[in-house]
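[1] Sequence unavailable; structure follows:
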Ligand SMILES: O=C(O)CCC(=O)C(=O)O
Ligand SMILES: [Fe+2]
């Protein structure tokens, strides 16, 4: 009699939602890949552990980061840039797993961008309270390629604005498996993440992991 009370509630959120011209939210798109992606993540993190980097202004970021691919995004006192080497180990960043590259290409195509070949994947780890202030992704050489962003673990409020910092951002709740693709007219739109609410996710625990695939060079 009680068992039926605990049946899964169907997820009735639309699977696809346009956010702006060139920007789309693909809900649950990464769900079928979750186990493969998490296994690959474990190997990457073993080689290149998460670390909280410092902005050029000297502030330590609340989000912990690492990378895989031939280029990795880094920030320190001298600025933001892509670097082929992990500054903590002096070694090249872990290679981008095939499952990542194929997944990102497929997601980009689903978002309307064919032939996306990412060379960088920034991996963000949000503990409860961690946030990312509004910014543009503009350290890449070629803005013709989109950004493909994958959310895993705890839900977050993603802020997606416009071409100007002052443009009021819309708020989207991103859940485990959700993918956002933005490019073309919205490639340089401001975006960020509100402070992560505490919680516990069945597969990922007490955190949110975000992967952003980029064509850096
Ligand atoms: O965590 C997110 O959803 C966004 C991350 C982001 O904007 C970035 O890494 O540049
Ligand atoms: Fe970003």
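    Arrived safely. Predicted, not measured: the structure shown is a model, and the values here were computed from it. Residues are numbered from 1 along each chain as shown. Ligands and ions are numbered 1, 2, ... in the order given.
[2] show me where pLDDT drops low in the protein?
    Applying pLDDT under 70 to the chain flags the ranges 1-3.
[3] What residues does the residue lying closest to residue 11 once chain neighbours are set aside make contact with?
    In space, and not counting its chain neighbours, residue 11 is closest to residue 28: 6.9 Å by Cβ to Cβ, 6 or more residues apart in numbering. To be clear about C-beta, it is placed using only N, CA and C from the backbone, and glycine gets the same treatment. Contact analysis of residue 28 by Cβ atoms under 8 Å, 6 or more residues apart in numbering lists 11, 15, 175, 177-178.
[4] quick check, nearest of the residues you listed to ligand 1?
    Checking the contacts of residue 28 against ligand 1 with Cβ to the nearest ligand atom, the nearest one is residue 178 at 9.3 Å.
[5] Go through the residues of this protein and report the one nearest to ligand 1.
    Nearest residue of the chain to ligand 1, counting by Cβ to the nearest ligand atom: residue 210, 3.4 Å away.
[6] Identify the bridge partners of that residue.
    residue 124, residue 151 (DSSP bridges).
[7] Pull up the residues of this protein that are close to ligand 1.
    122, 124, 132, 137, 149, 158, 191, 193, 210, 212 (Cβ under 6 Å from any ligand atom).
[8] My read is that residue 196 contacts residue 151, right?
    No. Contact criterion Cβ atoms under 8 Å: residue 196 and residue 151 do not qualify, at 11.1 Å.
[9] Neighbour count for these two, which is higher?
    Using other Cβ atoms under 10 Å as the criterion, residue 196 and residue 151 rank with residue 151 on top: 26 against 23.
[10] Roughly how far does the more buried one sit from residue 132?
    Residue 151 sits 12 Å away from residue 132, going by Cβ to Cβ, to the nearest Å.
[11] And the strands in the chain, which stretches?
    Secondary structure of the chain by DSSP state E: the strands cover 16-20, 23-26, 64-69, 72-76, 79-83, 120-126, 132-135, 147-153, 156-160, 170-174, 179-182, 191-193, 208-214.
[12] hang on, the earlier thing: between residue 196 and residue 151, what contacts are shared?
    What both residue 196 and residue 151 touch, as defined by Cβ under 8 Å, 6+ apart, is the set residue 208.
[13] any idea how far residue 68 lies from residue 119?
    In terms of Cβ to Cβ, residue 68 sits 10 Å off from residue 119.
[14] More neighbours: which of those two?
    Neighbour count, other Cβ under 10 Å: between residue 68 and residue 119, residue 68 has more, with 28 against 19.
[15] Run through the bridge partners of that one.
    With DSSP bridges as the rule, residue 68 is bridged to residue 121.
[16] Quick one: residues contacting the nearest residue to residue 141 once chain neighbours are set aside.
    Counting by Cβ to Cβ, 6+ apart, residue 141 lies nearest to residue 217, which is 5.5 Å off, once chain neighbours are set aside. Listed by Cβ under 8 Å, 6+ apart, the contact set of residue 217 reads 70-71, 82, 119-120, 140-141.
[17] ok, those residues vs residue 53, which is closest?
    Proximity of the contacts of residue 217 to residue 53 (Cβ to Cβ) peaks at residue 82, which lies at 13.3 Å.
[18] Pretty sure that closest one sits against residue 120.
    Yes. Contact criterion Cβ under 8 Å: residue 82 and residue 120 qualify, at 6.2 Å.
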